[in-house]
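J.: fold the following.
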Amino acid sequence: MNREALLSADCLLPTAFCLLPTADCTALSGPLVFSSGVIMPRLKGMTIASEQPGNLFEEGEPTAAQASDEESKERPLADRMRPRTLNDLVGQQKIVGPGRALRKMIEEDRLQSLIFWGPPGTGKTTLARIIADQTSARFVSFSAVSAGIREVRAVMSEADEYRRRLGKKTVVFIDEIHRFNKAQQDAFLHYVESGGITLIGATTENPSFEVNSALLSRSKVMVLEPLTTDDVVSILRRALADTVHGLGELRIDLGEDVLRAIAIYASGDARVALNTLELAVSIAEVDSIGARVITEDVLREAMQRAAIRYDKAGEEHFNLISAFIKSIRNSDADAAVYWLARMVEAGEDPLYIARRLVVHASEDIGLADPMALVEAVAAMQAAHFVGFPEAKLALTQATLYLATAPKSNSVLEAYMAAQKDAVETEREPVPLHLRNATTGLMKGLGYGEGYQYAHEFESGRAEQMDCLPDGLKGRKYYKPSKRDRTGPENGDQ
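T.: Below you'll find the predicted structure:
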């Protein structure tokens, strides 16, 4: 095909790569790419010679190879674009790249039970299905959300029968395995130990906390990382080019900046990216030559609001609050505000954030700046009083104040030292001179005898009166920091 034929053709080229076979591409004077706001030449009926890779997700049932094109097109783009082989898989090269342990297991057909741990949209289910196909094992999939102990036992029984009759293993894939309780997880142990099944569990939560230790010890944990922005852009381009499973038969006009915006918005989740692209294409207006033009306004409408990955009961919740507090402790105001915004925009409870600020004000600032606690409590009251969205300003003010305040953990250290003695030493009675004699009987027993009123002394302190139990006399718990406003350098001895 020469350049003139190409320019007169009738199909839109995806951004930044050529749809023609290599030999034909050499006839062009340069790469054909999209430019924002420019209608690019279109090719009619053009296909790509290579296999069409797809997306990397957990949900959705596998589609039989015999399914009609019409039925296939009714499925979401994210499901249609599922990779079929390891070579099609985008990302996760640390575990399935050439020479990596999991790839060797698959190629040599010596799989062991696995736990795939990673964020949504990174390929946990897809990888499990690729494994099942390439090892010729029977593949059974069900979700821990809807399955109960009866279903688990039925699957285990069928797997046992299948192995006895045909001598083949069954790969049992459990999506969201962390949702199974202890009894349900225990039901797999015998079959995993006996080799009756190869268990592959997928979880977005830390398996150290969510998977039984007995099951975890019999499995290998594989950590899947979020896809990079470039990975997601590559997946989007393939969806645009694929005429069988993707959007290649449509005329679509969009620029490289739009693809990258979708990829950034997806935050490493290929499913989110493909769903966003599919929605944008469906709502885009068709121009005079039949192309669906995806403008910034169309993309903004498709996105609506960033689907930030955040589970208030999951690990990401604790990761973000940890980053937030540690940034404040390190006096990094910019990082602290960023992590605050991440939590706020994800829908975190403002009072939860405010409570953490109150704790931090005493724990990491304390007497270095006593006003920090006042600021934090004021922010908590403001958040309770006005709520979101206005509360974000009060939370930001308190965050910046605490991040820039001098730091001291003397309050925390003092309590921890006192707590140790309170728990580990003999619980001595309160000295009589420190007790209130509220009745004649108490006074007769010596309550309050020998008490010295501090205000009667010029220093404001009764130096000769011990206030600790006899066994702890002279013990020092509070050790002022150099930054404490009550420290020796500020006049206190």
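J.: what's the helix or strand for the residue nearest to the spatial centre of the chain?
T.: By CA atoms, centre = their mean, the mean C-alpha position of the chain lies nearest to Glu316, the distance being 4.3 Å. In this structure, Glu316 is located in helix 315-329 according to DSSP states H and E.
J.: what angle sits between the next helix or strand after that helix and helix 315-329?
T.: On the C-terminal side of helix 315-329, the closest following helix or strand by DSSP H and E is helix 333-345. Relative orientation of helix 333-345 and helix 315-329, computed by axes from the mean of the first three to the mean of the last three CA atoms, to 10 degrees: 150 degrees.
J.: give me the residues contacting helix 333-345.
T.: Outside helix 333-345, the residues that touch it by CB atoms under 8 Å, 6 or more residues apart in numbering are 306, 308, 310, 320-321, 323-324, 327-328, 350, 353, 388, 392, 395-396, 399-400, 402-404. The way it works is simple: take the backbone N, C-alpha and C, and place the C-beta from them, glycine included.
J.: among those, name the buried ones.
T.: 310, 320-321, 323-324, 327-328, 350, 353, 392, 395-396, 399-400, 402-403 (16 or more other CB atoms under 10 Å).
J.: of these, closest to Ala376?
T.: Closest approach to Ala376 among those (CB to CB): Leu402, at 6.7 Å.
J.: my guess is the closest one meets Val374, correct?
T.: No - contact criterion CB atoms under 8 Å: Leu402 and Val374 do not qualify, at 11.2 Å.
J.: what is the helix or strand hosting Ile106 packed up against?
T.: Per DSSP H and E: Ile106 is located in helix 101-107. Applying 3 or more CB pairs under 8 Å, 6 or more residues apart in numbering; DSSP states H and E, one finds that helix 101-107 makes contact with helix 93-96, helix 124-134.
J.: list the buried residues in that helix.
T.: For helix 101-107, using 16+ other CB under 10 Å, the buried residues are 102, 105-106.
J.: for the record, mean pLDDT for it?
T.: The pLDDT scores in helix 101-107 average 85.
J.: residues in contact with it?
T.: With contacts defined as CB under 8 Å, 6+ apart, helix 101-107 is touched by 86, 95-97, 111-112, 114, 130-131, 134-135, 222.
J.: in TSV: these, plus distance to Leu432, neighbour count and pLDDT.
T.: Below are the contacts of helix 101-107 laid out as TSV (distance: CB to CB, whole Å; neighbours: other CB atoms under 10 Å; pLDDT from 0 to 100):
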residue	distance to Leu432	neighbour count	pLDDT
Leu86	79	19	86
Ile95	69	19	88
Val96	74	23	88
Gly97	75	13	87
Leu111	74	19	81
Gln112	69	13	85
Leu114	67	24	90
Ile130	78	21	84
Ile131	75	22	81
Gln134	81	15	78
Thr135	79	19	73
Met222	66	20	90
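J.: can you redo the residues you listed as CSV with distance to Arg237?
T.: As requested, these are exported to CSV (distance: CB to CB, whole Å):
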residue, distance to Arg237
Leu86, 20
Ile95, 24
Val96, 21
Gly97, 21
Leu111, 32
Gln112, 35
Leu114, 30
Ile130, 21
Ile131, 26
Gln134, 25
Thr135, 30
Met222, 27
